[in-house]
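Chemist: here is my input, please return the structure:
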Amino acid sequence: MIAAARGFDALAATYDEEFTRTDLGRRLRSAVWRHLDAAFAPGARVLELGCGTGEDAIHLAERGARVVATDASGEMVAETVRKAGAASLSHLVEARRVPFEELDAAGPSLGTFDGAFSNFGALNCAASLPPVAEALGRLLPSGAPLLLVVMGRWAPWEWAFYLRRGDGARAFRRFRRGGTSWRGLTVRYPSAGRLLRTFAPWFRRRRLAALGVFLPPSYAASSVSPSTLALLDRWERRIESAPLLPRLADHTLFALERR
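Modeler: Here you go, the predicted model:
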């Protein structure tokens, strides 16, 4: 079993409770949904990489999109199937176990798409980004949108949170050469420039947006009151694409377009 699958299999049962249904989780996902809704019209056929428990796939399906939701974790795929059935959306959500490493090989069986996306750092767990970029370049037609939400390298919130606790190793773990070990897999934090260069042969940049430059990371959310979270969310949404801010966020949303 692929390490990524083992790590996320163990999270499938508790992920929604620990993140999706929290105040912070709802705010961050709502911010991403604004971009997904603008990119994918009802009727569009959309590929999702790293679907997790299927929240984004269900949201798009409720708006009339057809989603092929993929993940390396069989447990996450099973949860997506369960949710789609419970919402009577199984005809619009097809969940499949497809690790990043097998995306290119699986391409012919996946069919054609009007666009693709990956949310909340799934791509940080890819062993190598260039093959993923190339596979997506083969799967998507010219003009198709690609939205990627990736954990960035520069994260002032993380520095401050862990330095206050005297944990310098965690504070600057995103700079660690070769990535950081987590649940048996390696998590890598590419800079915005590096990610854009990796995808540049097939995709052009349209927009970058910050997710978590004012809002805290999930592990620090309990240190911020609900009223403060609401205020930080309003500020962040107003200036999420201001110069430099997306490069200083816990996650960066990359809105790309197939050349």
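Chemist: right, and Leu185 touches Cys125 too?
Modeler: Yes. Between Leu185 and Cys125 there is a contact under C-beta atoms under 8 Å: 5.7 Å. Backbone N, C-alpha and C define where each C-beta goes, glycine included.
Chemist: now do the contacts for the residue nearest the centre of the chain.
Modeler: Nearest to the mean C-alpha position of the chain, by C-alpha atoms, centre = their mean, lies Asn119 at 1.7 Å. Asn119 makes contact with 29, 32, 48, 50, 52, 56, 149, according to C-beta atoms under 8 Å, 6 or more residues apart in numbering.
Chemist: repeat that for 10 Å
Modeler: 28-29, 32-33, 35-36, 48-52, 55-57, 147-150, 211, 251, 253 (C-beta atoms under 10 Å, 6 or more residues apart in numbering).
Chemist: do the same with Ala230
Modeler: 23, 27.
Chemist: next one: the helix or strand where it lies to chain centre, how far?
Modeler: Assigned by DSSP states H and E, Ala230 belongs to helix 226-238. Counting by C-alpha atoms, centre = their mean, to the nearest Å, helix 226-238 is centred 21 Å from the centre of its parent chain.
Chemist: which SSE is immediately downstream of it?
Modeler: Once helix 226-238 ends, the next helix or strand along the chain (criterion: DSSP H and E) is strand 251-258.
Chemist: Leu211 and Ser241 touch, don't they?
Modeler: No. Leu211 is beyond contact range of Ser241, at 11.1 Å (criterion: C-beta atoms under 10 Å).
Chemist: and for these two, which residues touch both?
Modeler: With C-beta under 10 Å, 6+ apart, Leu211 and Ser241 have common neighbours Leu253.
Chemist: higher neighbour count, the two?
Modeler: Leu211 (26 against 13; other C-beta atoms under 10 Å).
Chemist: what's the nearest residue to Gly54 if we skip its chain neighbours?
Modeler: Spatial nearest neighbour of Gly54, excluding adjacent residues (C-beta to C-beta, 6 or more residues apart in numbering): Thr80 at 3.1 Å.
Chemist: so that neighbour sits against Gly50, correct?
Modeler: No. Between Thr80 and Gly50 there is no contact under C-beta under 10 Å: 11.1 Å.
Chemist: got the contact list for Leu123?
Modeler: Counted by C-beta under 10 Å, 6+ apart, Leu123 has contacts 49-50, 100, 129, 132-133, 148-151, 188, 190, 195, 254.
Chemist: with Arg197 instead?
Modeler: 130, 133, 190-191.
Chemist: and after whichever strand or helix holds Leu24, which helix or strand comes next?
Modeler: In the assignment (DSSP H and E), Leu24 maps to helix 23-39. Once the chain leaves helix 23-39, the next helix or strand it forms, by DSSP H and E, is strand 45-49.
Chemist: neighbouring strands - and their directions - for that following strand?
Modeler: Next to strand 45-49 in the sheet, as set by DSSP bridges, lie strand 66-71 (parallel), strand 115-118 (parallel).
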